[in-house]
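Undergrad: Starting from these lines, generate the structure:
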Amino acid sequence: LHPILKEKEPEQLQTSIPIIVHEDAAPYGKKRSVNLVQWGPLEVYGSDMESRFVHHAYIHKQGDSAETARAGWELLWKEFDHMADGCDRDGNYIAKDHDGTIWKFVFTFVENDFDMDKEHGLPNCAMGISFCRHCKATNRRSQWENVRPMSDLTQTAKWRESLITDNDAFKRRIVRPHPLTASKYFNMYTCRSDTMHCNDHHGVWSSIIGSVLCYLI
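TA: Next comes the predicted model:
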């Protein structure tokens, strides 16, 4: 599904470095936040200061549309197009070895916490009933509305029958437009929740471990 990687053989990618994007909110006042978009290589040796690069930031206000972020994201995609060829916008090589090897940098995916799904227009925890981007699990107290309970982690859970495995079907579930989902790079594997937030976000692991233990017992 990746526009740059899909027609490449492994041998052609030996000089390509996978890069990822991370977006999160950071405080700039007591009650205000700014969204910060940064990028860097997938695997690194060194500190964040050495390996994570801030691309742009924008002030996010309640009720703002995704247009607030469009200018920065569109510039980011243009720069990623150049980096995939190993050059900057002026055609100069970004990293060229003495033996003539040209290193390229290919965007692969974004890693964020669950709250950024709402920002990017994907099914999310703020939507209520159908909140998961990968299936149609439900999250409701009423048993009449909670037809595919997200808390049911048994092998016969009803939400397992509603997994979204088709890329076109995944894209049709986008709630509102965003420069990320409108990009040629976007597909059902582009947005990934990082491990730290999966462990820490609203007791997700507590629910999983508890349900699995209950099922085993």
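Undergrad: what's downstream of the longest helix anywhere in the chain, the next helix or strand?
TA: If you go by DSSP state H, the chain has its longest helix at helix 67-84. Beyond helix 67-84 in the direction of the C-terminus, DSSP states H and E gives the next helix or strand as strand 104-112.
Undergrad: now the angle from the longest helix of the chain to strand 104-112?
TA: Interaxial angle of helix 67-84 relative to strand 104-112 (axes from the mean of the first three to the mean of the last three CA atoms, to 10 degrees): 150 degrees.
Undergrad: So which bits of helix 67-84 are buried?
TA: Residues of helix 67-84 classed as buried: A69, W73, L76, W77, E79, F80, D81, H82, M83, A84 (neighbour count, 16 or more other CB atoms under 10 Å). (C-beta placed from N, C-alpha, C; glycine too.)
Undergrad: Spatially central, which residue of this protein would that be?
TA: With distances taken as CA atoms, centre = their mean, C191 lies nearest the centre of the chain, 2.4 Å away.
Undergrad: list the contacts for that one?
TA: Contact analysis of C191 by CB atoms under 8 Å, 6 or more residues apart in numbering lists F109, V110, N112, M116, D117, H120, L122, R133, L180.
Undergrad: Tell me how far the residue nearest to S193 when sequence neighbours are not counted lies from S207.
TA: If the residues on either side of it in the chain are set aside, S193 comes closest to F114, at 5.9 Å by CB to CB, 6 or more residues apart in numbering. Noted for F114: a distance of 13 Å to S207, by CB to CB, to the nearest Å.
Undergrad: So between these two, which is more surrounded?
TA: Between F114 and S207, counted using other CB atoms under 10 Å, the more crowded position is F114 (19 against 13).
Undergrad: Look at the more buried one and report its pLDDT.
TA: On pLDDT, F114 comes in at 79.
Undergrad: same thing with G210?
TA: pLDDT recorded at G210 is 75.
Undergrad: Cool, thanks, talk later.
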